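S.K.: Predicted model follows, preceded by the sequence.
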Amino acid sequence: MASCNRVLLMGNLTRNPEIRYTPSGTAVADLGLAINESFRNKSGETVEQTCFVDVVVWGRQAETAAEYLHKGSPVFVEGRLQLDQWENQQGEKRSKLRVRADRVQFLGAPGKGSEYAGGPSSASGAQGGHPPHEMDDDDDVPF
């Protein structure tokens, strides 16, 4: 029987990426991802649920994630499930299921202080042909 281990997730980071390096110098970043879902139950009430997922990113993508992402950043993650198993100091067996990212795509606007292009449909109200709006620290990201 064939098997498939693929995960596609889109959500927001729950904390800033935590980067570390292996003894051989390879970058490893740990991300916390929150995936929100809302639906109506049988009685017609809107129910909101959040699924929290741990993601590990390796190599150059880990360094890029640590440099450009922060708590709240929207991301799309493509990867596979990975089960980590170990024994704690008391000799108890522990395990954790997480996603090993093959690809992390940054979504949304760049970080504070960056420029973004405001088109006719953007919340900034800029029309085509006008220069991009420079965001201040007080500005809210329009999407």
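M.R.: In hand now; what should we look at? Numbering: from 1, shown residues only.
S.K.: remind me which residues of this protein are low pLDDT?
M.R.: Across the chain, the ranges flagged by pLDDT under 70 are 109-143.
S.K.: need the contact list for the spatially most central residue of it.
M.R.: The C-alpha lying nearest the average C-alpha coordinate of the chain belongs to Val75 (CA atoms, centre = their mean; 3.8 Å). Contacts of Val75 were listed using CB atoms under 8 Å, 6 or more residues apart in numbering, and they are 10-13, 31, 33, 69, 104-107. (Each C-beta comes from the backbone N, C-alpha and C, glycine too.)
S.K.: Which parts of this structure are helices?
M.R.: 60-68 (DSSP state H).
S.K.: List buried members of the contacts of Val75 by neighbour count.
M.R.: Burial by neighbour count, 16 or more other CB atoms under 10 Å: within the contacts of Val75 this picks out 11-13, 31, 33, 69, 104.
S.K.: What separation do you get for the residue nearest to the centre of the chain and Gln82?
M.R.: Distance of Val75 to Gln82, computed by CB to CB, to the nearest Å: 18 Å.
S.K.: Let me see the domain layout of the chain.
M.R.: 7-108, 110-143 (automatic domain parsing).
S.K.: hey, which of those is tucked in deepest?
M.R.: Mean neighbours per residue, mean count of other CB atoms under 10 Å, is largest over the domains of the chain for domain 7-108, with a mean of 14.
S.K.: circling back to that earlier point, would you mind giving the domains of the chain as JSON lines with distance to Met1 added?
M.R.: Below are the domains of the chain laid out as JSON lines (distance: least, CB to CB, whole Å):
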{"stretch": "domain 7-108", "distance to Met1": "17"}
{"stretch": "domain 110-143", "distance to Met1": "43"}
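S.K.: Look up how far Asp102 lies from Ala2.
M.R.: For Ala2 relative to Asp102 (CB to CB), the value is 19 Å.
S.K.: what's the answer for Leu31, then?
M.R.: Using CB to CB, Leu31 is found at 13 Å from Asp102.
S.K.: got it, and Asn5?
M.R.: 11 Å.
S.K.: Need the residues touching each of these two.
M.R.: With CB under 8 Å, 6+ apart as the test, Asn5 and Asp102 both reach Arg80.
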